[in-house]
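>>> return a 3D structure for these sequence lines:
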Amino acid sequence: MTQITVELNDHSYPILVQPGALELAATHLEKFANNRRLFVLSDENVGPQILPKLEQAFDGSGIELVVRSLPAGEASKSWRQLELVTDWLLSEGVERSDTLVALGGGVIGDLTGFAASIVKRGCGFAQIPTSLLAQVDSSVGGKTAINSAAGKNLIGHFYQPRFVLIDPLVLNSLPDRELRAGYAEVVKYGLINDANFFAWCKANSSKLLRRDPEALSEAITHSVRAKALIVAEDEKELSGRRALLNLGHTFGHALEAETGFSNKLVHGEAVAAGMALAFAYSVRRDHCDAADAERVAAHLKSVGLPYNLSTASVQASGKRLVGHMMHDKKMSGGTLPFLLANGIGKSFLAQDVDLEDVAAFLDETD
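All right, here's what the predicted structure looks like:
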């Protein structure tokens, strides 16, 4: 068992990483069950597999689990589902002292956190992430959001959970594709500022993707620690430090927008392709050796992740993809900062990127 604290002064919170932790959920969450109840949100994929185990953990606890299931997929991060969830909470008599529990991947975590932040002007919420991507990234840091017609995650704000419970064993039921997609966010921590961790990923990726418990636990713990440190330094992305976590996301979100935020290209796959594109573009700007960009692309390819436009099944023009980027929430004063790299483990925020040059680069790449 490993406990990591996200240090945020009066709203610091613990993250527990423990194989088998789901079986002990009642013990860990009891102190958050005011009125002896918890409001649990899940989806149609996760619920049938994981919810019975959570309910079993609460048998005999005297705590009621009030459950709502949402449609699975990115489409649930919408105004409509937010309205339905908040109306349901109010109809169930939710109080400010109650806690919402997100049992699912990043979509459920984002929607639950946003709902918790606005209903009754703020309830508590906790996370039980059930995908690798959510365990190493979206459940940590307090970003909550829904999507809009203009783009991904454009409606939301920062609202920290009270507790995050991570059980690597729940990943045994995760589809292989989703596990690979989550791995993209794991390897990201090596590419940002830890070349040694990238080397660890290359050496252990096959074990991790075979769901080796030790490899999974080590990857999750390392990733959560890395993110917790960055979030503690820059909770609301004001200093630029937290922006490092967006490596691959500016390109990736444009790819997701082009594919309609659909299962044609899931988030982790888009981030993988986006990271490879960020390194390739860094080579174009003479920031990075071509050999490093090739190593990144080769590793992503070796684990079955997209590493360019064609493997991401995107055929749009550079101008069209840059058009998607113009809706990025990081746009300021007509410019868009990009996460680029001086090499593996040496990412930096570039404020002087010419979007016409980005469009030309995308037209010239595969």
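
>>> which residues touch residue 259?
Residues touching residue 259, when contacts are defined by CB atoms under 8 Å, 6 or more residues apart in numbering, comprise 265, 270, 312, 313, 314. (Glycine included, C-beta is placed from N, CA and C.)

>>> which ones among the residues you listed map onto helices?
residue 270 (DSSP state H).

>>> buried ones in stretch 132-141, by neighbour count?
Under the neighbour-count criterion of 16 or more other CB atoms under 10 Å, stretch 132-141 has 132, 133, 134, 135, 136, 137, 138, 139, 140, 141 buried.

>>> direction included, what does the lowest-mean-pLDDT helix or strand in the chain pair against?
Of the helices and strands making up the chain, the lowest-confidence element is strand 151-158, at a mean of 90, by mean pLDDT, DSSP states H and E. Each strand that pairs with strand 151-158, with its direction, by DSSP bridges: strand 143-148 (antiparallel).

>>> list the buried residues for the partner strand?
Buried positions in strand 143-148, judged by neighbour count with 16+ other CB under 10 Å: 143, 144, 145, 146, 147.

>>> how about stretch 317-335?
Burial within stretch 317-335, assessed by neighbour count using 16+ other CB under 10 Å, is assigned to 318, 321, 322, 323, 324, 325, 327, 328, 330.

>>> nearest to residue 358, of those?
Looking at the buried residues of stretch 317-335 and their distance to residue 358, the nearest is residue 322, at 5.7 Å (CB to CB).

>>> mind checking how far the closest one is from residue 361?
In this structure, residue 322 and residue 361 are separated by 10 Å, where distance is defined by CB to CB, to the nearest Å.

>>> please apply the same query to residue 240.
Here residue 240 is placed at a distance of 23 Å from residue 361 (CB to CB).

>>> residues contacting the least confident helix or strand of the chain, please?
Strand 151-158 has contacts (CB under 8 Å, 6+ apart) with 77, 79, 110, 114, 117, 142-148, 235-236, 253, 256-257, 261, 324, 327-329.

>>> again with stretch 55-74
Defining contact as CB under 8 Å, 6+ apart, one finds that stretch 55-74 is touched by 22-26, 29-30, 33, 36-47, 51, 54, 76, 81, 85, 88, 92, 107-108, 111, 147, 261-263, 267.

>>> how long is that stretch end to end?
Separation of the first and last residues of stretch 55-74 by CA to CA, to the nearest Å is 26 Å.

>>> got the buried residues for that stretch?
Residues of stretch 55-74 classed as buried by neighbour count (16+ other CB under 10 Å): 57, 58, 63, 65, 66, 67, 68, 69, 70, 72, 73, 74.

>>> I'd like to know which of those residues are part of strands.
Residues from the buried residues of stretch 55-74 lying in strands, with DSSP state E as the criterion: 65, 66, 67, 68, 69, 70.

>>> adding pLDDT, write these out as JSON lines.
Supplementary listing: those in JSON lines, determined by pLDDT from 0 to 100:
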{"residue": "65", "pLDDT": "98"}
{"residue": "66", "pLDDT": "98"}
{"residue": "67", "pLDDT": "98"}
{"residue": "68", "pLDDT": "98"}
{"residue": "69", "pLDDT": "97"}
{"residue": "70", "pLDDT": "97"}
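
>>> so who does the nearest residue to residue 317 once chain neighbours are set aside touch?
Distances taken as CB to CB, 6 or more residues apart in numbering place residue 363 nearest to residue 317, at 6.3 Å, with adjacent residues excluded. Under the criterion of CB under 8 Å, 6+ apart, the contact list for residue 363 reads 317, 318, 319.

>>> show the backbone phi and psi for residue 363.
Dihedral pair for residue 363: phi -70, psi -30, per degrees, to the nearest 10.

>>> can we start the residue count at 217 from this point?
Sure, I'll start numbering at 217, so the last one becomes residue 579.

>>> need the pLDDT of it.
As summarised for this prediction, residue 579 has a pLDDT of 97.

>>> equivalent analysis for residue 435, please.
What the model reports as pLDDT for residue 435 is 98.

>>> so it sits against residue 423, correct?
No: shown here, residue 435 and residue 423 do not form a contact pair, counting by CB atoms under 8 Å, at 9.6 Å.

>>> the two: who's more crowded?
When neighbours are counted by other CB atoms under 10 Å, residue 435 and residue 423 differ, and residue 435 comes out ahead with 27 against 15.

>>> and that one, what element?
Assigning secondary structure by DSSP states H and E places residue 435 in helix 429-449.

>>> where are the low-confidence patches of the stretch 367-516 of the chain?
In the predicted model, the stretch 367-516 of the chain carries no residue with pLDDT under 70.

>>> what's the pLDDT at the residue in the chain sticking out farthest from the centre?
The C-alpha centroid of the chain is most remote from residue 276, which lies 33.6 Å away (CA atoms, centre = their mean). In the prediction, the pLDDT value recorded for residue 276 is 95.

>>> so which bits of stretch 403-418 are buried?
Result for stretch 403-418 [16+ other CB under 10 Å]: buried residues 403-410, 413-414, 416-418.

>>> who has more neighbours out of residue 456 and residue 577?
Using other CB under 10 Å, the more surrounded residue of residue 456 and residue 577 is residue 577, with 18 against 12.

>>> return the residues in contact with the residue most central in space within the chain.
For the chain, the residue whose C-alpha lies nearest the mean C-alpha position (CA atoms, centre = their mean) is residue 354; its distance is 3.1 Å. Taking CB under 8 Å, 6+ apart as the criterion, residue 354 is in contact with 321, 322, 325, 326, 345.

>>> farthest-separated two in these?
Farthest pair in those, by CB to CB: 326 and 345, 11.2 Å.
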